[in-house]
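[1] any chance you can model this:
(2 chains)
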Protein chains: 2
Amino acid sequence: MTPFLQQLTQKLGADCVLTQSADLAPALTEWRGLYQGEAIALVMPRSTADVVSVVQLCAEYNVPITPQSGRTGLVGGGVPQGGIVLSLKSLNAIRSVDAANFTLIAEAGCLLQHVQEAADQAGLLFPLSLASEGSCCIGGNLATNAGGSQVLRYGTMRDLTLGLEVVLADGAVWHGLKGLRKDNMGYDLKSLMIGSEGTLGIITAAVLKLFPKPKTSATACVACATPHDALNLFQLLRDEMGDALSAFEYWPLFGMELVLKHKAAQDPFAQPHPFYALMELTSPDPQALLKERLTAFLDTALEQGLIKDAVIASSERQAAALWALREHLSEAQSLEGASIKHDVAVPVSQVADFIVETTQLCEAALHGIRVCAFGHMGDGNVHFNLSQPPHMQRADFLAEWARFNRIVHDQVMKRQGSIAAEHGIGLLKREELMRYEDPAKMTMMLAIKKAFDPQNLLNPGKIFVKS
Amino acid sequence: MTPFLQQLTQKLGADCVLTQSADLAPALTEWRGLYQGEAIALVMPRSTADVVSVVQLCAEYNVPITPQSGRTGLVGGGVPQGGIVLSLKSLNAIRSVDAANFTLIAEAGCLLQHVQEAADQAGLLFPLSLASEGSCCIGGNLATNAGGSQVLRYGTMRDLTLGLEVVLADGAVWHGLKGLRKDNMGYDLKSLMIGSEGTLGIITAAVLKLFPKPKTSATACVACATPHDALNLFQLLRDEMGDALSAFEYWPLFGMELVLKHKAAQDPFAQPHPFYALMELTSPDPQALLKERLTAFLDTALEQGLIKDAVIASSERQAAALWALREHLSEAQSLEGASIKHDVAVPVSQVADFIVETTQLCEAALHGIRVCAFGHMGDGNVHFNLSQPPHMQRADFLAEWARFNRIVHDQVMKRQGSIAAEHGIGLLKREELMRYEDPAKMTMMLAIKKAFDPQNLLNPGKIFVKS
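    Sure thing, here's the model as predicted:
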């Protein structure tokens, strides 16, 4: 055992420093199989003080640190490339709930679902909602500035966080656990840390915003002739309902076909339609007549030809069945064969144009390619995913990855969009970031990285190709 | 004329480089008379390219730059201490409006009111609202992360901004004018620039968020026995109405007395009460029964003894008269003599405790001192302002400034609050920031300042005592 590991074990105890390959294996495995990590130890601190000890020792011995929590990321941000893995999973306390301030303090290792439950027990709502909420952790949500289906109404993880506790590269602790709505005491380092993917500091705890719990809701699924009709419908609905509109999801016929083929799901409509949208209204007002309002709105939309058909959920069970159509999309697509995925965003006003034009370009570039462009309309977020042609070899299709990245990302940037809407950069998009990001912004980012982490020990190799 | 000024004049034209003392005087004057500035020139660029030329020349000749726009700041952030004043007032175009994306692009010199009007003409709302909205500019709003009365519902200037164009210390331009709701392409430098008071870069334009325009509203003023009752009322109302609650302001009897004494205002109540609150509900839903809901809510609150009396505005004129009571507070207090002011924030749950305890401490510290603690309940923001004892000399009272800063700010920090809620640091609170801010955060801030502005030419002397 090296002197570094000996000292680490002395400080934290042997049960917190795992070096056997069987113990290490899960921490090195990327769940989609895109990357294989390597590390000399999996370190499991039990407290912020433990994290300080680890970071100080790593600085002394020049050992890289890859933070991990739920390991559900989609861009390889938690894959170690040497050094130690620092798992925050044991820092999993809800430190306090201040219902009157609409806040709670959660440690980085808390499951997102536990935070949702703690808010619920206080009679409030923590609105971040992701497919992986049963296994992802707050630390990862913060590191990647997680998004999800409720961003339209409540914002991303950055918007949902008021304060942080962070261990810095030299072992100093920033005690920033403030639960304030207004605070202009200097620079906004909270927003800087959130979304920095563990490259600027180790977030150990956060003050999260809570909201009044919705007491009424209404859910509907509609069929449209085109993406443009769906976009117009969204605009009208948002104009009229404002923040009562909490979600507006969409997917194409091909996506519906995949879900009906591969999952136990039922088509809510009597016939196929080119495009679908799912909308949800919520209100903390127990008397809000959301279903009546939505029905009247959709009646008008039907008369005007903006939608072809509509189903309004008459029960929570029906609403869940409509949501399942949307939530099954990713899995259904993976059951159909290989896919090349793009998590991108464009201005909301350009979502329909982007989908139509980029679909044409992709179809022209490879005969038989099948586009499943779905996502969150109100955020301009498009999961522009490409399924392989039915009779092509899987490996042959995946060999086209870079070519389709170029087609799709060029279309995104032409519209001043983002090639990393909600999943982050990690290892997967470092080269694309360098290609597309504004040079002045890259220079500033590198300057901050160097100032905060001069030894380049905090999640090295992530975000930057070379830092 | 120095070689620097000669070159500057050659590049921008003589009408954009003012050096006569009569032209310079307004740019050196702090409107409250707290500071006197000095500068060698007032420079008025007409474009982002002009700003680049100025910044490059200043870097070459090592000349400090103090950015200015509307000059309505409250902490001396725009007061030059040598070098040039860079006025953004000529960069005053609304570059574009994208109603379907709920955004517009405004240059730094745009009046806040003009931005509000441009949004209104597009059928939308830009919600930032300040007493100075007719004279303050977007550049200053961004530099100070401005707040105001609608933060409860819409957030601060940082929350209202999606993208920036910034000229950096070396003359490079960060082209970050993206109008996206989700964007995880690297670090959040937008939030870092906003609220940095011109010390990290010169913001020349911004993408601002727009919202559906409210179509119904309801306004009420209530009388309470204590600040705690007002806080409880706020909690209940927010639980029930969620984001329909767009403002909840409060002030004490002493504040009401000042307004009634010094301004043409009428008491809406038949007798004096210890504490008052003003609430506003809005909705984009034209059928929302806000007034009926508010009436029923206040009836219940009256029965339960949570409020002593209530007035619901029956017209826009009446609503404006109720708002005037709140908006006249600052001016009325200045007409009553000298005051020592504190713009602070605490967790919402502690606003009432903070007001009661800090009032007692101040009254015990100086016989006859009169506390006017008013502000924005939902933001935890307290304008904790002290009026001089009636028969004390003005100068004698102002000599107590530091002693009362200590009493009030110690109480704020005991509650994990902020000593700079919405006005910023500037020159006024540099020493207090150094005293109270977390040392690790100050170290990070200084590291960023040094990395972004190694010559210390961007608004030097602001935020930091020594940078």
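[2] from what I can see residue A:216 touches residue A:292, true?
    No: assessed by C-beta atoms under 8 Å, residue A:216 is found out of contact with residue A:292, at 10.7 Å. In short, each C-beta sits where N, CA and C put it, glycine included.
[3] who's more crowded, these two?
    Between residue A:216 and residue A:292, counting by other C-beta atoms under 10 Å in any protein chain shown, residue A:216 is the more crowded of the two (16 against 11).
[4] so what's the more buried one bridging to?
    When bridges are called by DSSP bridges, residue A:216 pairs up with residue A:283.
[5] now do it against chain B, distance only.
    The spacing between residue A:216 and chain B, counted by C-beta to the nearest C-beta, to the nearest Å, is 11 Å.
[6] confidence score at that residue?
    We have a pLDDT of 93 for residue A:216.
[7] buried stuff in the helix or strand hosting residue A:163?
    Element membership for residue A:163 (DSSP states H and E) is strand A:161-167. Across strand A:161-167, burial judged by 16 or more other C-beta atoms under 10 Å in any protein chain shown covers A:161-167.
[8] name the helices or strands packed onto it?
    helix A:48-61, strand A:173-176, helix A:189-193, strand A:202-209 (3 or more C-beta pairs under 8 Å, 6 or more residues apart in numbering or on different chains; DSSP states H and E).
[9] any chance of these in a markdown table, with distance to chain B too?
    A markdown table is the format used below for the helices and strands packed on strand A:161-167 (distance: least, C-beta to the nearest C-beta, whole Å):
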| stretch | distance to chain B |
| --- | --- |
| helix A:48-61 | 11 |
| strand A:173-176 | 4 |
| helix A:189-193 | 3 |
| strand A:202-209 | 9 |
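[10] hmm, back to that, need the max-distance pair from the buried residues of strand A:161-167.
    Spatial extent of these (C-beta to C-beta) is set by the pair A:162 and A:167 at 19.0 Å.
[11] which residues does the strand holding residue A:163 contact?
    A:48, A:51-52, A:55, A:103, A:142, A:173-181, A:190, A:193-194, A:201-209 (C-beta atoms under 8 Å, 6 or more residues apart in numbering or on different chains).
[12] which element follows the helix or strand hosting residue A:334 toward the C-terminus?
    In the assignment (DSSP H and E), residue A:334 maps to helix A:329-335. Per DSSP H and E, helix A:329-335 leads on to strand A:339-340 as the next helix or strand towards the C-terminus.
[13] partner strands of that following strand, with direction?
    When DSSP bridges is applied, strand A:339-340 pairs with strand A:381-387 (antiparallel).
[14] how far does the strand it pairs with sit from its chain's centre?
    Distance of strand A:381-387 from its chain centroid, counting by C-alpha atoms, centre = their mean, to the nearest Å, is 14 Å.
[15] can you show me the strands along the stretch 151-300 of chain A?
    Secondary structure of the stretch 151-300 of chain A by DSSP state E, counting those that start in this stretch: the strands cover A:161-167, A:173-176, A:202-209, A:211-212, A:216-224, A:245-252, A:275-283.
[16] and for the stretch 351-467 of chain A?
    Listed in chain order, the strands of the stretch 351-467 of chain A (DSSP E, counting those that start in this stretch) span A:370-376, A:381-387.
[17] could you dump those strands to a markdown table with mean neighbour count and mean pLDDT?
    Converted to a markdown table, the strands of the stretch 351-467 of chain A look like this (neighbours: other C-beta atoms under 10 Å in any protein chain shown; pLDDT from 0 to 100):
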| stretch | mean neighbour count | mean pLDDT |
| --- | --- | --- |
| strand A:370-376 | 25 | 97 |
| strand A:381-387 | 25 | 97 |
